Each structure stands twice: as C-alpha cells, then as structure tokens.
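In: with the input below, show me the fold.
(one chain, ligands or ions: 1)
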Amino acid sequence: MIQFKNVSVSFPQKNGELHAVNDVTLHIGKGKIYGLVGASGAGKSTLLRTINFLEQPTSGEVIVDGEVINHLRGESLRRYRQNIGIIFQHFNLAANKTVRKNVEFPLRAANVPKGEIKGRVDELLELVGLRDKSEEYPAKLSGGQKQRVGIARALANNANILLCDEATSALDPETTVSILKLLESINQKYGITIIMITHEIDVVKMICNEMAVMKDGSVVESGKVIDIISKPKNEFTKKLISNSENYELPSEIITQFGEKNIIKITYLGSEATEPILSNAIKTNNVDISILHGKIDYISHVPVGTLIVSVQGDKRDVENAIDYIRRKTLRVEVGANEF
Ligand SMILES: Nc1ncnc2c1ncn2[C@@H]1O[C@H](COP(=O)(O)OP(=O)(O)OP(=O)(O)O)[C@@H](O)[C@H]1O
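Out: Presented below is the predicted three-dimensional model:
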C-alpha cells in the first residue's frame with residue numbers, strides 16, 4: 001500500500017515558491033493499477049517521483065508498506081528503490097547497449113551474482129515477448145519493442161511497484177493497447193502495483209481500477225475509475241472527460257432538434273435491458289430520436305452513451321428527461337454541454 005499523507009512539494013523560484021504538489025492525501029492499494037490524470041503541469045510527475053524519492057516532499061509523508069520513506073538514506077534507500085521500477089515516455093534506453101545489456105544493467109547494479117544474470121534476463125525477455133531481440137540495439141526496435149525493453153529493465157530486480165510516466169504517449173493506438181495488455185498481465189501474474197501517469201483518459205478506462213485527477217498540484221477527485229468516468233463530480237474532471245470524447249454534432253442537427261432538447265445519457269450495460277426510452281416515450285407523450293450511440297468498456301464494465309433528442313411540450317420533455325435521469329447513471333442536457 002502506498003499512502004500520501006498531506007504531501008506537498010515546492011520548488012524555489014526567483015520570486016517565491018512554486019507549489020508543484022499541494023497537500024495531497026491518497027491511498028493506493030496493493031496490487032492496484034492506479035491512474036493519475038490531469039493537465040500538463042498539474043504535478044503528476046512530481047508526485048510520482050516522491051514514491052521512488054527522486055523528489056523529496058517539502059512536507060507530509062509518503063508511506064510505502066507501512067514504512068515512512070522520507071527518512072531513508074544510503075543503503076536502506078538503495079534497497080528500497082530496488083523494489084520500484086519506472087518506465088518513461090521516451091523509454092530512456094542506453095543506445096550503445098544491446099537489449100540484453102540494457103536489461104542486465106540494473107541486475108549488475110544490484111550485485112546479482114554473475115551466474116544468475118543470463119537466466120534472469122532470458123526470463124524477463126520471455127515475459128515481454130522479446131526473446132529473439134536480445135542482441136539487437138535499440139535503434140533497430142519499434143517504439144512498442146523499446147517500451148517492452150523498458151518494462152523488462154524496470155522489473156529486473158523483482159520490483160513490486162511499477163511507475164509509468166506517460167509510458168504509452170509516444171506510441172500509436174494499436175501499440176498502446178498491446179503495451180497496456182502486457183502491463184495488465186504483469187499486474188495479474190505478479191500482483192505488482194502499477195501507477196500510471198497519463199493524459200489519455202482512454203488508457204485509464206482500459207486498465208486502471210482506481211484513479212485520481214490532479215489540478216494545480218491538488219487532487220480534485222479520486223476513486224474507482226468506473227464511478228469517476230461515468231459520474232464525475234468535479235467540474236474540471238467533467239471537462240477532462242468530455243475533452244477526451246468527441247460528441248460534436250453537426251450544427252444543422254442541433255438547429256433542427258434544438259440545443260436544449262438534445263441530451264447525453266450515460267448508462268451501465270446492465271441497464272440496457274430495461275426499456276427506459278420506450279417507457280419515457282409512453283408515459284410522457286414525447287418523441288425520442290437517437291442521434292449517436294456507443295458502448296465503452298471502463299475497467300472491463302460495459303458503459304453505454306446515447307445522444308438523443310427529446311421532442312414534445314416543454315413540461316413533457318422535462319418529465320421525460322427526469323424519468324431517464326432516475327433510471328440511468330447520468331444525463332447531461334444541451335448539445336453544447338458535452
Ligand atoms: N525540478 C523542478 N524545478 C522547478 N520546477 C519544477 C521542477 N519539476 C517540476 N517543476 C514544476 O512543477 C510543476 C509540476 O510539474 P510536473 O512535471 O509534476 O507536472 P505534470 O502534471 O507531470 O505535467 P507534465 O504532464 O507536463 O509532465 C510544473 O510547473 C513544473 O514546471
């Protein structure tokens with residue numbers, strides 16, 4: 001378990017201090033895949049780096065498996081850091097070393113006996129699907145393969161926490177999915193806690209169980225991914241999510257149906273069996289036209305989005321929308337709102 005207790009990190013500036021992380025309190029359970037999202041400069045990397053002590057909290061405590069790590073120094077800090085792997089957006093591989101030598105590096109640094117190194121590297125390369133690339137140099141590898149080397153290297157010393165700093169941001173969508181699947185399988189196989197910084201909400205939807213949203217150094221919302229994505233409470237979170245979805249309807253459609261008559265419905269897949277729309281039509285004397293629909297999988301749970309127009313007398317439309325709101329996760333009214 002990783003606990004941040006009132007953690008702040010400030011950097012001295014010419015005229016005062018920059019509060020990169022501001023009084024953050026969070027719990028990240030063992031074995032979770034945890035997403036940290038937010039705009040650029042929100043403090044995500046700085047917070048992440050307090051876990052492996054690359055950044056020192058100005059105040060507050062970081063507690064990992066019951067141990068306050070703020071005070072670790074020398075040998076105990078070195079040993080603690082071996083439990084934590086990190087992967088980066090641009091992979092940070094040594095260009096003049098083969099794949100095997102890159103993965104060997106942390107094992108040598110940890111004084112693993114020579115006789116054990118080859119077997120361990122082979123095992124790691126097998127895990128990430130790169131057994132046949134061991135003698136290649138990074139320049140010959142694709143982005144996805146480079147990140148696989150990064151993952152093997154990060155896990156070399158049996159890390160039980162893996163920090164991922166925008167690890168898929170430099171990859172195309174297909175490669176992103178393959179790296180996320182690899183991370184998920186590693187999480188399930190070894191129970192490693194994974195913390196992912198990302199600006200891509202889709203990444204969080206795909207593999208994270210829990211998430212925190214950061215803004216200006218503070219956590220504005222945290223909890224289960226399914227709860228936050230389907231029903232965000234904070235205005236900034238709402239904006240972040242709606243920016244990641246593209247529901248812009250053609251202007252002629254908005255004019256035809258009327259901006260305020262167009263609503264976005266978010267519902268759990270399990271609610272799809274109820275005849276909600278047909279009941280709303282029957283009991284309120286309205287017409288409903290479907291303008292857009294899709295199913296997303298959030299932490300493997302199907303969540304539907306429907307954009308519909310509700311037509312009828314003002315009062316009937318309001319009643320129909322109220323009925324749909326009671327029966328689904330969330331209703332947003334007005335095409336310009338989503
Ligand atoms: N070593 C440092 N010295 C001074 N300022 C820093 C340092 N590291 C980070 N900052 C500042 O702290 C703030 C938070 O940076 P941080 O990198 O943690 O944000 P982020 O959310 O990870 O953003 P990004 O996604 O752009 O990396 C930024 O204003 C950044 O310029």
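In: outline the domain layout of the protein.
Out: The record assigns the chain these domain ranges, following the TED database: 2-242, 259-333.
In: give the rounded mean pLDDT of the longest one.
Out: Which is domain 2-242. Mean pLDDT, computed over domain 2-242, is 95.
In: show the end-to-end separation of it, please.
Out: Distance between the two ends of domain 2-242: 30 Å, counting by CA to CA, to the nearest Å.
In: next one: stretch 34-47 to chain centre, how far?
Out: Stretch 34-47 has its C-alpha centroid displaced from the chain centroid by 10 Å (CA atoms, centre = their mean, to the nearest Å).
In: Ile253: which of the domains of the chain is closest?
Out: Closest approach to Ile253 among these (CB to CB): domain 259-333, 6.3 Å. Just so you know, the C-beta spots here come from the backbone N, C-alpha and C atoms, and that holds for glycine as well.
In: can I get the longest helix seen in the chain in PDB, CA atoms only?
Out: If you go by DSSP state H, the chain has its longest helix at helix 173-190. Extracted in PDB, the C-alpha atoms of helix 173-190 (Å, rounded to 0.1, in the frame of the first residue of the first chain):
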ATOM      1  CA  PRO A 173      -3.100   3.400 -30.600                       C
ATOM      2  CA  GLU A 174      -2.500  -0.300 -31.600                       C
ATOM      3  CA  THR A 175       0.900  -0.500 -29.900                       C
ATOM      4  CA  THR A 176      -0.600   1.300 -26.900                       C
ATOM      5  CA  VAL A 177      -3.200  -1.400 -26.500                       C
ATOM      6  CA  SER A 178      -0.500  -4.100 -26.700                       C
ATOM      7  CA  ILE A 179       1.600  -2.400 -24.000                       C
ATOM      8  CA  LEU A 180      -1.400  -1.900 -21.800                       C
ATOM      9  CA  LYS A 181      -2.300  -5.600 -22.100                       C
ATOM     10  CA  LEU A 182       1.200  -6.500 -21.200                       C
ATOM     11  CA  LEU A 183       1.100  -4.300 -18.100                       C
ATOM     12  CA  GLU A 184      -2.200  -5.800 -17.100                       C
ATOM     13  CA  SER A 185      -1.000  -9.300 -17.500                       C
ATOM     14  CA  ILE A 186       2.100  -8.500 -15.400                       C
ATOM     15  CA  ASN A 187      -0.100  -6.900 -12.700                       C
ATOM     16  CA  GLN A 188      -2.300 -10.100 -12.600                       C
ATOM     17  CA  LYS A 189       0.600 -12.500 -12.700                       C
ATOM     18  CA  TYR A 190       2.800 -10.900 -10.100                       C
END
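In: what's in contact with that helix?
Out: Outside of helix 173-190, the residues within contact range by CB atoms under 8 Å, 6 or more residues apart in numbering are 31, 33, 127-129, 142-144, 147-148, 151, 155, 160, 162, 164, 167-168, 171, 192-194, 196, 200, 203, 206-207.
In: just the strands in the stretch 151-300 of the chain please.
Out: Taking DSSP state E, counting those that start in this stretch to define them, one finds strands in the stretch 151-300 of the chain at 161-165, 193-197, 210-215, 218-224, 262-268, 287-298.
In: just want the angle from the first one to helix 173-190.
Out: Regarding strand 161-165 and helix 173-190, their directions subtend 170 degrees when assessed with axes from the mean of the first three to the mean of the last three CA atoms, to 10 degrees.
In: ok, the longest one next?
Out: When the same axes, to 10 degrees is applied, the directions of strand 287-298 and helix 173-190 differ by 60 degrees.
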